[in-house]
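A.B. asks: A predicted structure for the sequence below; I have some questions about it.
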Amino acid sequence: MEILSGLSQSEIEKITTELNASKFRARQIHNWIYLKSVSSIDEMTDLSLKFREELKKVATVSAVKIKVKQVSSDGTIKYLLEYPDGECVETVLMRFDNRANLTACVSSQVGCAVNCTFCATGKRGFIRNLDYKEIIEQVLTIQRDTGLKVTNVVFMGQGEPLLNLDNVLRAMQIFNEDFQIGARRLTISTSGIIPQINRLAELDMQSTLAISLHAPNHDIRQRLMPIENKYGMDELKNALKNYVDKTGRRITIEYLLIKDLNDTVESAKQLAYYLHDLKCNINLIPYNPTEKNDYKRSPNDRIMKFKYLLEHSGKKVTVRLERGGDIDAACGQLRGRM
Ligand code: SAH
Ligand code: SF4
């Protein structure tokens, strides 16, 4: 049985050709899948009843199930999705102030091998990669469930996207071409896998690259992220500068604020120095406590002071709006509770 979600126009044409139908039928099916986000072949009402019956014998729209759905008072919706092999990942839909913007936060792997000490996903270890269709299905599920069109995609759910790069790039291409989401509205977030950052630089990627830095120096980063032992901050900095040179794009630096660990005045100064010659914006993320460690969220006055110190160094700094606090919507948290 073919699963239509994730197929390109030409792959759908192969199916319609086998059913002796025209390319125009493939175009119609493609629209129903990506732009109108139907859940079943029965809903493809501009296809004849007879053709729909034939199509149903060889194909189905989707293979994922919504296992859990939580809706936050701020409009954030969090889904736990189940694939046919029983593995689950989370996907979150966030609405920002501008109501026209609907951002899907998608997972790229089941679990994650990078094992950052603050992250609920990392605690589970690595289970498997998602293939590009499974990534696509996450956004399609949101669109089917809400009847809305996703406008932005960020790879900030479970997993390390740069350790599953071929599937992530294929999914990005489909988001771009089939969903008609602009490249600049797609963001990859990474813990800093240097060889793959270099590969993205060579590809002249026009999407946004976000780096989970989270520390102002080697010692603190080592405590938070074991990957620092393999790909250290100095080497990372060179890779990021090369990326900016090759693509012309500004990088987003993500920085979790954990009380007393990396939120001091000294940390802010070191961070400002580390970033001073890099074309980047900084996104501060108040740490969202999980029950599995002792880290605490920085108090608001400290967050504001940290922000001020960085702004003083000439950078644009935002504090990530907390979304879905009442439904454990910090990435990595829903799966952790199931
Ligand atoms: N593996 C990639 C992408 C997924 S994690 C990466 O690490 O960048 C997406 C973001 O969620 C990362 O910036 C990560 O540091 C952050 N995150 C993980 N656990 C968190 C928590 N408990 N509170 C707030 N942010 C968290
Ligand atoms: Fe993996 Fe990202 Fe979590 Fe680190 S923060 S363990 S890289 S998902």
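C.D. replies: Looks like it arrived, so ask away. Owing to the predicted nature of the structure, the values given are computational and were not obtained by experimental measurement. Numbering: from 1, shown residues only. Ligands and ions are numbered 1, 2, ... in the order given.
A.B. asks: what separates whichever strand or helix holds Y243 from the chain centre, distance-wise?
C.D. replies: Remark: Y243 resides in helix 233-247, with elements defined by DSSP states H and E. Taking Cα atoms, centre = their mean, to the nearest Å, one finds helix 233-247 lying 21 Å from the centre of the chain it belongs to.
A.B. asks: just stretch 263-273 next, same as before
C.D. replies: Using Cα atoms, centre = their mean, the offset of stretch 263-273 from its chain centre is 28 Å.
A.B. asks: mean confidence for that stretch?
C.D. replies: Throughout stretch 263-273, pLDDT has a mean value of 98.
A.B. asks: Report the buried residues of it.
C.D. replies: D263, T264, S267, A268, Q270, L271, A272 (16 or more other Cβ atoms under 10 Å). Just so you know, the C-beta spots here come from the backbone N, C-alpha and C atoms, and that holds for glycine as well.
A.B. asks: Ok, stretch 186-196 next?
C.D. replies: Buried, per 16+ other Cβ under 10 Å, within stretch 186-196: L186, T187, I188, S189, T190, S191, G192, I193, I194, Q196.
A.B. asks: so how far does it reach from one end to the other?
C.D. replies: Taking Cα to Cα, to the nearest Å, stretch 186-196 runs 17 Å from one end to the other.
A.B. asks: helix or strand for the closest residue to K315 other than its chain neighbours, which one?
C.D. replies: Nearest residue to K315 in three dimensions, chain neighbours excluded: I282, at 5.3 Å (Cβ to Cβ, 6 or more residues apart in numbering). Element membership of I282, judged by DSSP H and E, is strand 280-286.
A.B. asks: anything in that strand near ligand 2?
C.D. replies: No. Strand 280-286 lies out of reach of ligand 2 by Cβ under 6 Å from any ligand atom, never closer than 10.6 Å.
A.B. asks: Flag every buried residue along that strand.
C.D. replies: Buried residues in strand 280-286 (16+ other Cβ under 10 Å): C280, I282, N283, L284, I285, P286.
A.B. asks: Could you do stretch 160-174 as well?
C.D. replies: Buried, per 16+ other Cβ under 10 Å, within stretch 160-174: 160-165, 167-172, 174.
A.B. asks: cool, and stretch 56-66?
C.D. replies: Buried positions in stretch 56-66, judged by neighbour count with 16+ other Cβ under 10 Å: A59, V61, S62, A63, V64.
A.B. asks: ok, and which of the residues you listed reach ligand 2?
C.D. replies: Counting by Cβ under 6 Å from any ligand atom, no member of the buried residues of stretch 56-66 is near ligand 2.
A.B. asks: of those residues, closest to ligand 1?
C.D. replies: V64 (19.8 Å; Cβ to the nearest ligand atom).
A.B. asks: wait, isn't that closest one in contact with V139?
C.D. replies: No. V64 lies out of contact with V139 (Cβ atoms under 8 Å); the separation is 11.2 Å.
A.B. asks: that older thread, so what's the residue nearest to K315 up against?
C.D. replies: T252, I253, Y255, L275, L310, K315, K316, V317, T318 (Cβ atoms under 8 Å, 6 or more residues apart in numbering).
A.B. asks: So which of those residues sit within helices?
C.D. replies: Among the contacts of I282, the ones falling in helices (DSSP state H) are L275, L310.
A.B. asks: Just the contacts of I282: which are in strands?
C.D. replies: T252, I253, Y255, K316, V317, T318 (DSSP state E).
A.B. asks: The buried residues of stretch 186-196 also near ligand 1: which ones?
C.D. replies: S189, T190, S191.
A.B. asks: Say whether ligand 1 is contacted by stretch 215-224.
C.D. replies: No. Stretch 215-224 stays clear of ligand 1 (Cβ under 6 Å from any ligand atom), getting no nearer than 8.8 Å.
A.B. asks: ok, back up a step: quick one: the strand holding I282 to helix 233-247, angle?
C.D. replies: 130 degrees (axes from the mean of the first three to the mean of the last three Cα atoms, to 10 degrees).
A.B. asks: could I get strand 280-286 in PDB with only the CA atoms?
C.D. replies: The C-alpha trace of strand 280-286 is given here as PDB (Å, rounded to 0.1, in the frame of the first residue of the first chain):
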ATOM      1  CA  CYS A 280      24.400  36.300  14.500                       C
ATOM      2  CA  ASN A 281      21.300  37.000  16.500                       C
ATOM      3  CA  ILE A 282      20.900  35.500  20.000                       C
ATOM      4  CA  ASN A 283      17.900  33.800  21.300                       C
ATOM      5  CA  LEU A 284      17.800  33.300  25.100                       C
ATOM      6  CA  ILE A 285      15.800  30.400  26.300                       C
ATOM      7  CA  PRO A 286      14.700  30.300  29.900                       C
END
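A.B. asks: Helices of the chain, start to end?
C.D. replies: Under the criterion DSSP H, the chain contains helices at 9-18, 23-34, 49-58, 120-123, 132-146, 165-177, 194-202, 218-224, 233-247, 265-275, 300-312, 333-337.
A.B. asks: Thanks again, I'm all set now.
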